[in-house]
Each structure stands twice: as C-alpha cells, then as structure tokens.
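>>> Sequence plus predicted model, see below.
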Amino acid sequence: MPVKFFTRLPTHPPFDVIRETNEVEIMFSIPSTPRCDNGTYWMVDNPDMTARGTRFVVTSAIKIAPNIWFNIEKLSKTSPFYKLRHCPSRSICPTCPCSDVGLTILKGYRRLALTNQPFMVVFKKVQKSTDA
C-alpha cells in the first residue's frame, strides 16, 4: 500500500530525498472516504493492556506528537531492505529510545507494532503519471 513521508525540515515541495537520519511522519497515500474517515497518519498508540502492553501502530486524522515520528534505517550496506523505527520526538524526549516496528498477530490479524523483530521493507519510488 503506498505511503507518503514528510519531514520537519524547512523545504520547498516536492521534497524527493529522505535521509536515514530524518525524523519522518508517515501517512497512507489513499483518499479517505465518508464511510472510513479515520485518517491516514501513522502513530504509535498507548500500550494495549489486553495485548500484554503491546504498542500498536494505528492511523489517526490528528497528528499527536511525540507518537508520530519514525526513522528509516537500512539493514546493511549491501541489503536492499530497510526497517522502520518509532523514535519519540527528540525535541520532546531526547533520551527516549527508538523501537523497531514489526509484525505481531492479534486475534488472527497481522498488525504493525513496536517489537524486537523489525519488519523488513523495500521502497519503490512512485512514478508520476502524465495522465490528467
């Protein structure tokens, strides 16, 4: 599913390069519909006590700092894979550790959550359409 990345760096759109050290906001690149208008910004929710305190990645229409900041890290120099990490905003909590975003299963459904095992991803740049 396509996503968009945004940094807090002062840039002039479009910003085509995201560095591994950048704090980024992530949102699904899909339009919301009247039936499903929950928003598409990614954020880390509070611990879910029904799931042993797991912190899930959820979507929201509202950007709630410091839970919206993520980093992208390459697994190794020779690997095409990256991992996503949730890193609380350094301006709010400079000593808070980053956590890997991985997959967990809850009630038979795969969900993104903060885990010890990162979910590996490969990025593909979207080609802009010339269709009007």
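Noted; the coordinates are in hand.

>>> lowest average confidence, helix or strand, in the chain?
Ranked by mean pLDDT, DSSP states H and E, the weakest helix or strand in the chain is strand 3-7, scoring a mean of 80.

>>> element containing the spatially most central residue of the chain?
In the chain, the centroid-proximal residue (Cα atoms, centre = their mean) is residue 26; its distance is 4.6 Å. Element membership of residue 26, judged by DSSP states H and E, is strand 24-28.

>>> ok, and the closest non-adjacent residue to the residue nearest to the centre of the chain?
Spatial nearest neighbour of residue 26, excluding adjacent residues (Cβ to Cβ, 6 or more residues apart in numbering): residue 42 at 4.2 Å. Where C-beta positions appear, they are placed from N, C-alpha and C, glycine not excepted.

>>> And residue 55, by the same measure?
That would be residue 114: by Cβ to Cβ, 6+ apart, it lies 4.5 Å from residue 55.

>>> Show me the shaky parts of the chain.
The model of the chain has pLDDT under 70 over residues 8-16, 31-38, 65, 126, 128-132.

>>> For the residue nearest to residue 55, list each beta-bridge partner.
residue 101 (DSSP bridges).

>>> and it, how many neighbours?
19 (other Cβ atoms under 10 Å).

>>> cool, and residue 42?
For residue 42, the count of nearby residues is 24 (other Cβ under 10 Å).
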